[in-house]
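Undergrad: what shape does this take:
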Amino acid sequence: MQNTMKVAVMRDIGKIEIEERPVPVPLEEEVLIRIKSVGVCGSDVHYFTEGRIGDYVVKPPFVLGHECSGEVVEVGSKVKTLRPGDRVTMEPGIPCGKCEFCRSGRYNLCPDVVFWATPPIDGTFCEYVTHPASFTYRIGEGVSFEEAALVEPLSVGFYAVRRSGIEPGQSALVLGSGPIGLVTLLVLLARGVGRVFTVDIYALRLEKARELGAAEVANAREVDVVEWVKELTGGKGVDVVFETAGSVATTQQTTEVVKRGGKVVLVGLPSQSRIDYDIIKVIDKELDVLGIFRYANTYPGCVDLLNSGKVNLKALITHRFSLEETQKALEFAHQNKAESVKVVVNVD
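TA: Purely as a prediction, here's the structure:
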């Protein structure tokens, strides 16, 4: 096997260069994986265009990318669950396994988690990575590497829906029909929730939502969303609202569209940390407001959904680029939200 690999390295804000680096060597409980596909996440775009997200600041050189899949090419001496040739998807966050959050099963809250493409940890826009076998999951032969890379965003929707406790027969509103909004829709439908309404400002994304099975869709530029929801629910509001757009306006809207005794699930990250929020409505309606941070214990369930064909992740992919075109991929995802849903970099 070759000793060096190509890596798309962020050298400065808005600047990616292809470099040669040594192929990493797996430790005894790790596997070496040849990367096949990497999804472009909104966080990658933020780091690429702004150099930071909150307190996480990029210090170049840095490698982006964390939604990925690949093929195992080598295993460590203690790895028994995987072997060379296995087609896999990888959970990008590795917790410490020792803190109170890890011990209680909420390892997404581990303060010492090591997460790909979150400074200072390099990501996966490269040809090879090493990864713990325990966070590497085999995928079915009928699943493409592009689909397998999207298990990561699917996990966000899976975790949000699971945390909400929504049941078949209830109604849901998904604010935002980008990749996270659409995977949330897919998980809701797979869970048996038939009345799922979606909102966005881009026609292409609403078309995707309708194609995937949304009961009703609305363009927030054309309709009053609050009045639209009231019409659909007999004036009551939905049982659960999922905010995935990460905008101040939609976050504020959540208390208006949810029914009394309902639930608000906050998935998206607004551009500002402090906003006006109608706490009186939260109290008066006795709402449960849930925050979602990444996910925990979701990958096995998501892989099962994907392997069984119960979710259509392929429909989310609108544009593809090569590893050498990583800069173009990031620029395209940033500049063409109205024309794209999920951009994927195919490494091999």
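
Undergrad: and the most centrally placed residue in the chain, what does it touch?
TA: Closest to where the C-alpha atoms of the chain average out (Cα atoms, centre = their mean) is Pro153, at 2.2 Å. Residues near Pro153 by Cβ atoms under 8 Å, 6 or more residues apart in numbering: 39, 41, 67, 179-180, 183, 342. Just so you know, the C-beta spots here come from the backbone N, C-alpha and C atoms, and that holds for glycine as well.

Undergrad: surely it is in a helix?
TA: Yes: assessed with DSSP: H, G, I helix; E, B strand; the rest coil, Pro153 lies in a helix.

Undergrad: roughly how far does it sit from Gly51?
TA: Remark: distance between Pro153 and Gly51 (Cβ to Cβ, to the nearest Å) = 23 Å.

Undergrad: with Pro179 instead?
TA: From Pro179 to Gly51 the distance is 22 Å (Cβ to Cβ).

Undergrad: between those two, which one's more packed in?
TA: Taking other Cβ atoms under 10 Å, Pro179 and Gly51 do not tie; Pro179 has more neighbours (28 against 18).

Undergrad: which residues in the stretch 101-250 of the chain form helices?
TA: For the stretch 101-250 of the chain, the helices defined by DSSP state H, counting those that start in this stretch cover 145-149, 151-164, 179-190, 203-212, 225-232, 248-257.

Undergrad: elements contacting the fourth one?
TA: Identification of packing neighbours for helix 203-212 by 3 or more Cβ pairs under 8 Å, 6 or more residues apart in numbering; DSSP states H and E yields helix 179-190, strand 195-200, strand 216-219.

Undergrad: among those, which is nearest Thr326?
TA: helix 179-190 (18.0 Å; Cβ to Cβ).

Undergrad: who touches that closest one?
TA: Contacts of helix 179-190 (Cβ under 8 Å, 6+ apart): 39, 42, 150, 153-154, 156-158, 160-161, 166, 172, 174-175, 177, 196, 198, 200, 205, 208-209, 212-214, 242, 244-245, 267-268, 305, 310-313, 316, 341-342.

Undergrad: any chance you could map the strands in the stretch 201-348 of the chain?
TA: Using DSSP state E, counting those that start in this stretch, the strands found in the stretch 201-348 of the chain span residues 216-219, 238-243, 258-266, 288-291, 317-322, 342-346.

Undergrad: give me the contacts around the fifth one.
TA: Strand 317-322 is contacted from outside by 146, 150, 204, 328-329, 332, 336, 339-347, using Cβ under 8 Å, 6+ apart.

Undergrad: are any of these buried, and which?
TA: Applying 16 or more other Cβ atoms under 10 Å to those, the neighbour count classes 146, 150, 204, 329, 332, 340-347 as buried.

Undergrad: looking at those residues, which one is closest to Arg191?
TA: Leu150 (18.2 Å).

Undergrad: list phi and psi for the closest one.
TA: phi -90, psi 10 (degrees, to the nearest 10).

Undergrad: pretty sure it is touching Val343, no?
TA: No: the criterion here is Cβ atoms under 8 Å, and Leu150 misses it with Val343 at 11.2 Å.

Undergrad: name the residues contacting each of those two.
TA: With Cβ under 8 Å, 6+ apart, Leu150 and Val343 have common neighbours 39, 317.

Undergrad: ok, Ala117 touching Val45?
TA: No: using Cβ under 8 Å, Ala117 makes no contact with Val45, being 11.3 Å away.

Undergrad: fine by me, thanks again.
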